[in-house]
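>>> prediction below, plus the sequence it came from.
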Amino acid sequence: MKSAPAPATLAVVDMGSNSFRLEVGRVEGDQIYRLDTQREMLRIGAGLDDRGNLTPEARRLALACLARFAERLAGFPSSAVRAVATNAFRVAGNARSFLARAERTLGFPIDVISGHEEARLIYVGVAHVLPSGTEPRLVVDIGGGSTEFIIGRGLEPQMLESLKIGCVGMSQRFFGDGALTAFAFDEAETAARVEIEAIARDFDNGHWRDAYASSGTALAIAEILEQNGMSAGGITPAGLARLRHRLVAAAHMSRVKLAALKPERAPVLAGGLAIMSAALSQLGVSRINPVGGALRLGVLYDLLGRSVERDARDATVEQFLARYRVDREHAKRVAEMAVDLFRDARADAPNAATQQLQRAALLHETGFSVSHTGFHKHGAYILRNADMPGFSSGEQERLSWLVLGCRGGLAKVESMLVDSEFRAQLCALRLAVLFHHARRPIAPPRLSLKVGSKIRFGIPLGWLRRHPLTAHLLLDEANEWRTLGYAFPAPR
C-alpha cells in the first residue's frame with residue numbers, strides 16, 4: 001500500500017518514566033538531522049501511588065508538559081509525529097484514562113510500546129549513529145522504569161530483552177531518603193544482578209564484540225567519570241567502583257559534589273549506578289562506550305520508514321504469515337475485498353485505518369496453527385500477546401479485536417462496536433471472510449457497503465440466487481447485527 005511522500009520534518013514525543021522529551025528532525029534523503037530538542041525531568045515513574053496509579057500531581061505535570069510540546073508541534077501533519085509512552089504507562093493502572101486526556105492535550109495519538117518494541121527502537125536509533133559493520137554489538141539502555149538489552153548487527157537487532165529495573169524505581173526503592181550507604185548499594189546491585197542473571201547467558205561477552213550504553217543515565221555517568229578523573233574514557237567497572245566510593249563517602253545525596261553532575265540527574269544517579277554496575281558485572285563487560293541515538297532517534301527513523309514504505313509493521317506481518325503457516329493467497333484475497341468494502345463504507349477514513357484493516361485481514365487465520373476450531377480466538381490471543389516489532393500495544397489490541405470478531409457471534413466484540421470506524425472495519429472484514437468461505441478465487445459481483453447505525457449492503461439479487469450458500473450466510477450475518485441493535489436490511 002503506497003504511502004504519502006516523506007515529510008521534510010519529523011517529530012517524536014518520548015514519554016519516559018524519568019523524563020518527557022520532544023525531538024524534531026529534518027529529513028534529507030535517508031538521513032535525519034536533529035533540529036530541536038526539549039526535555040522536562042518529570043520522573044513520572046516515581047509518581048505512582050500505593051495502588052499503582054498515576055497520582056493527580058503526576059498527571060498534572062505530564063499534561064502541562066504535553067501542552068507545551070503541543071505548541072511546538074502546531075501545524076505538523078499527523079503522519080510526521082509519533083508519541084510513545086514507556087514503562088510507567090505500561091504499568092500504571094489508570095494509564096488508559098489518562099492517555100485519552102493526554103492525547104487531546106498533545107493533539108496526536110500516543111502509543112504505549114512494549115518493552116521489546118522499546119528495545120528494538122533503541123537499537124535502530126543507536127545503529128544509525130554508529131559506524132556500519134557486521135560485527136555483533138551490545139547496547140544497554142537504562143531508563144527510568146526499565147532497562148533494555150539488545151544485541152544486533154548493522155541496522156538489525158537480533159536479540160531483545162527488557163527488564164523492569166530502572167534508575168527511578170531503583171533510586172526510590174534503595175535510596176529514597178537520599179542516604180548513600182555501602183549496604184544500600186550492595187542491596188541495590190544484588191537486586192539488579194538477580195534480574196540480569198536471567199538473561200546473562202544470552203547477552204554475555206561471548207555474543208558480541210563491542211558494548212554501548214545509550215541512555216541519559218549512561219551519558220551522565222560517563223561524563224561524571226571522565227570529568228572527575230575516575231575513567232580515561234567510557235564506563236568501566238573500576239570507574240564505577242570509584243564513583244560508588246565517592247557517593248558512600250558523601251553519605252547523603254545532598255552532600256555529593258561532583259563535576260558534571262546536573263541537579264536534575266542527582267536524585268536518580270545512585271539507582272542508575274547500581275544497575276550499570278550489575279550489568280557490567282553480570283555480562284562480563286570491561287568497558288561500555290556511551291553513544292547517542294537511542295529511543296527518540298529510533299522512533300524518528302521508524303517513522304521515516306513508514307513514510308517511504310519500509311514500515312517495520314509490514315515486515316512483522318510477513319514474519320507472522322510464515323511463522324504461523326498462513327494460507328497467503330487466501331489471506332490476500334480476503335484482505336483485498338475487505339479493503340475495497342471499507343473504502344466504500346468510509347470514504348473519509350484515514351489511510352492508517354485502511355492499513356490496519358489490511359493487516360488484520362492478512363493475519364486473520366494466524367490461529368489456524370493452533371486449531372481450525374475457534375481459530376479466530378486463538379489468533380486474537382496470539383496478536384494480543386506476541387512480540388510484534390513495529391506495533392504499539394494499542395495497535396496490537398485493535399488487531400486482536402478485529403481478528404476475534406472476524407467470524408462467529410458479535411456479542412464478544414460488542415463493547416468495541418460503539419467505535420464507528422471499528423464497526424466499519426469489522427463489517428468489511430466479516431463480509432470478506434464470508435464471501436471467501438470456499439477458500440478459492442471468486443469473481444464477486446459489484447458490491448456496495450455503508451456502515452453507520454444502519455448497515456446498507458448492496459449486491460445483485462441475480463448473483464445471490466446463483467450462490468444460495470452465500471445468500472444463506474448473508475442472512476445469518478444480517479441477523480447477528482440486528483441482534484445487537486444495528487439495522488441490517490436484507491441484501492439488495
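Looks like it came in fine.

>>> for the closest residue to Leu155 other than its chain neighbours, give its distance to Asp340.
Leaving aside its sequence neighbours, Leu155 sits nearest to Ala127 (C-beta to C-beta, 6 or more residues apart in numbering; 4.7 Å). To be clear about C-beta, it is placed using only N, CA and C from the backbone, and glycine gets the same treatment. Distance of Ala127 to Asp340, computed by C-beta to C-beta, to the nearest Å: 38 Å.

>>> and the two? Which one has more around it.
The neighbour count for Ala127 versus Asp340, taken as other C-beta atoms under 10 Å, is higher for Ala127 (26 against 15).

>>> quick one: contacts for the more buried one?
Counting by C-beta atoms under 8 Å, 6 or more residues apart in numbering, Ala127 touches Gly152, Gly154, Leu155, Glu156, Gly293.

>>> strands - which of the residues you listed land there?
Among those, the ones falling in strands (DSSP state E) are Gly152, Glu156.

>>> now the buried members of the contacts of Ala127.
Neighbour counting with 16 or more other C-beta atoms under 10 Å marks Gly152, Gly293 as buried within the contacts of Ala127.

>>> could you dump the contacts of Ala127 into TSV with distance to Gln31 and pLDDT added?
Output for these, formatted as TSV (distance: C-beta to C-beta, whole Å; pLDDT from 0 to 100):
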residue	distance to Gln31	pLDDT
Gly152	19	96
Gly154	16	92
Leu155	13	89
Glu156	18	91
Gly293	13	77
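
>>> which pair in the contacts of Ala127 has the greatest spatial separation?
Based on C-beta to C-beta, the longest span within those runs between Glu156 and Gly293 and measures 15.0 Å.

>>> tell me the mean pLDDT for the longest helix along the chain?
Longest helix of the chain, by residue count under DSSP state H: helix 182-203. In this model, helix 182-203 carries a mean pLDDT of 98.

>>> how about it as PDB, C-alpha atoms only?
C-alpha atoms of helix 182-203 as PDB (Å, rounded to 0.1, in the frame of the first residue of the first chain):
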ATOM      1  CA  ALA A 182      27.500   0.700  51.300                       C
ATOM      2  CA  PHE A 183      24.700  -1.600  52.500                       C
ATOM      3  CA  ALA A 184      22.100   0.200  50.200                       C
ATOM      4  CA  PHE A 185      24.400  -0.100  47.200                       C
ATOM      5  CA  ASP A 186      25.000  -3.800  47.900                       C
ATOM      6  CA  GLU A 187      21.300  -4.400  48.200                       C
ATOM      7  CA  ALA A 188      20.500  -2.400  45.000                       C
ATOM      8  CA  GLU A 189      23.200  -4.100  43.000                       C
ATOM      9  CA  THR A 190      22.100  -7.500  44.200                       C
ATOM     10  CA  ALA A 191      18.500  -6.800  43.200                       C
ATOM     11  CA  ALA A 192      19.700  -5.700  39.700                       C
ATOM     12  CA  ARG A 193      22.000  -8.700  39.300                       C
ATOM     13  CA  VAL A 194      19.100 -11.100  40.100                       C
ATOM     14  CA  GLU A 195      17.100  -9.600  37.200                       C
ATOM     15  CA  ILE A 196      20.100  -9.500  34.800                       C
ATOM     16  CA  GLU A 197      21.200 -13.100  35.700                       C
ATOM     17  CA  ALA A 198      18.100 -14.400  33.900                       C
ATOM     18  CA  ILE A 199      19.400 -13.100  30.500                       C
ATOM     19  CA  ALA A 200      23.100 -13.200  31.100                       C
ATOM     20  CA  ARG A 201      23.700 -16.500  29.200                       C
ATOM     21  CA  ASP A 202      22.300 -14.900  26.000                       C
ATOM     22  CA  PHE A 203      23.900 -11.500  26.400                       C
END
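
>>> show me what that helix packs onto, helices and strands only.
Packed against helix 182-203, as judged by 3 or more C-beta pairs under 8 Å, 6 or more residues apart in numbering; DSSP states H and E, are the following elements: strand 147-153, strand 156-163, helix 167-175, helix 237-250, helix 266-283.
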